[in-house]
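Asker: quick one, fold the following:
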Amino acid sequence: MQEIYNNRESSWLIGDSGYPLQPFLMTPFQNPPEGSPQQRFNHAHIKARNCVERCIGVLKMRFRCLLRERSLRYPPHFVSNLIKACAILHNLCVKEGVPLLNEDIHDHPDLMDVPHPPGNEPGELAMRGLQVRNTIVEHYYQ
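Answerer: Residues are numbered from 1 along each chain as shown. Here you go, the predicted model:
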């Protein structure tokens, strides 16, 4: 994503507050005032993130090979193809009525989000991230 940002393309990842704010990685505001544009941004951010996290949780329940891997053993291109294959196979399973295991995702810590290390100290990218996030709020959440 940083390379895409460096090529002046506007695309963003969304991450929880455990990630450092970057111009290509939008994180929520910490404790925004009630009813503020920042709180409206956070609400939209959370809705988008929850959708993705539910999808990942379902894939992990169906394909246990996605569990327990906290480090990248394969090149990113291979991993993205593996996840795409799991998504395609999941959709086929849904179409054919193959049920998921009857277990609650919260009963399995490995299915939940991995805690992230604290963000980097403020630097040029973090400052640019603040500018980008504030511009998004000004344009869409006022």
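
Asker: only C-alpha atoms for contact and neighbour calcs from this point on.
Answerer: Fine.

Asker: and the strands in the protein?
Answerer: Taking DSSP state E, the strands of the chain run over residues 13-14, 25-26.

Asker: pick the most buried one from the ones you listed.
Answerer: strand 25-26 (a mean of 22; mean count of other Cα atoms under 10 Å).

Asker: how far off centre is that one?
Answerer: Put simply, strand 25-26 sits 9 Å off its chain's centre (Cα atoms, centre = their mean, to the nearest Å).

Asker: for it, packing partners?
Answerer: In this structure, strand 25-26 packs against strand 13-14, helix 124-140, with contacts taken as 3 or more Cα pairs under 8 Å, 6 or more residues apart in numbering; DSSP states H and E.

Asker: tell me, how many residues neighbour the closest residue to Asp16 other than its chain neighbours?
Answerer: Distance criterion Cα to Cα, 6 or more residues apart in numbering; nearest residue to Asp16, sequence neighbours excluded, is Thr27 at 5.6 Å. For Thr27, the count of nearby residues is 24 (other Cα atoms under 10 Å).

Asker: now swap in Pro33 and tell me
Answerer: Quick note: Pro33 (other Cα under 10 Å) scores 11 neighbours.

Asker: contacting residues around the nearest residue to it once chain neighbours are set aside?
Answerer: Distance criterion Cα to Cα, 6+ apart; nearest residue to Pro33, sequence neighbours excluded, is Gln39 at 6.6 Å. For Gln39, the contact set (Cα atoms under 8 Å, 6 or more residues apart in numbering) comprises Phe29, Pro32, Pro33.

Asker: any idea how far Gln39 is from Val137?
Answerer: 10 Å (Cα to Cα, to the nearest Å).
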